[in-house]
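Asker: heads up, no residue letters with this:
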């Protein structure tokens with residue numbers, strides 16, 4: 001971690017987090033920091049606990065132990081309360097409101113924002129990021145392609161004006177060309193001032209996009225560091241990138 005980051009207060013801190021589903025320990029003592037302006041990724045295989053981590057941050061699942069801090073203060077409450085504090089989630093599987101139009105979905109995301117001028121400005125920003133959403137603003141969300149639904153899920157999350165955007169498997173089920181387009185816009189979103197925490201099975205894309213990365217295995221943190229260093233780590237290459245050879 002750079003000296004500059006060490007001098008800052010983390011925007012988000014996850015400390016010794018534990019989450020269980022009955023007898024199954026999905027997250028076991030996980031620790032993570034996200035600093036302002038960063039893109040941070042959590043990579044790991046399917047079932048590693050990545051989505052549970054995101055849902056625990058958002059208050060969608062009960063935390064059995066540990067603490068989550070946002071801007072140095074305990075982050076508690078249900079998801080709709082957490083959104084009002086400045087964090088929003090584009091969930092795994094998109095979960096758009098299928099019977100509503102694209103425009104109506106985006107307006108649903110803007111519920112914490114009381115300033116009509118700000119909502120209008122954010123809507124224009126989302127349409128600039130994802131022009132296809134403008135083209136399809138009157139179309140029902142359930143009739144969109146998978147890639148368009150992912151754009152809508154991200155756009156809906158941005159309409160809450162988050163300081164921290166959580167993205168759960170944004171590349172899931174999408175064609176490579178669509179993934180490339182979406183990840184390019186994620187970089188742009190970050191450059192325009194939104195801090196991002198991303199969980200991804202597509203380790204290569206996630207590490208190429210991110211500043212730092214965490215590796216999650218069976219609910220535990222097994223490695224962390226600079227994203228480019230992780231990308232070239234032989235163990236990471238062997239386990240998640242299909243290349244390289246494990247050193248131990």
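Answerer: Looks like it arrived, so ask away. Computed from a predicted model, the values in this text were never measured in an experiment. Residues are numbered from 1 along each chain as shown.
Asker: tell me the mean pLDDT over stretch 233-248?
Answerer: Per-region confidence: stretch 233-248 scores 78 on mean pLDDT.
Asker: just the buried positions in the longest helix along the chain, please.
Answerer: Looking across the chain with DSSP state H, the single longest helix is helix 176-191. By neighbour count on 16 or more other Cβ atoms under 10 Å, the buried set for helix 176-191 is 178-179, 181-183, 186, 189-190. To be clear about C-beta, it is placed using only N, CA and C from the backbone, and glycine gets the same treatment.
Asker: so which of the residues you listed is the closest to residue 161?
Answerer: residue 189 (12.1 Å; Cβ to Cβ).
Asker: on the three-state scheme, the spatially most central residue of the chain is what?
Answerer: Central residue of the chain (Cα atoms, centre = their mean): residue 167, 2.0 Å from the mean position. Three-state call for residue 167 (DSSP: H, G, I helix; E, B strand; the rest coil): strand.
Asker: who does it bridge with?
Answerer: residue 90, residue 198 (DSSP bridges).
Asker: and the pLDDT for it?
Answerer: 97.
Asker: pretty sure it contacts residue 197?
Answerer: Yes: look at residue 167 against residue 197 with Cβ atoms under 8 Å: they come within range, at 7.2 Å.
Asker: which residues of the chain fall in strands?
Answerer: 12-21, 24-34, 39-43, 65-70, 73-74, 87-90, 164-168, 195-200, 212-217, 220-226 (DSSP state E).
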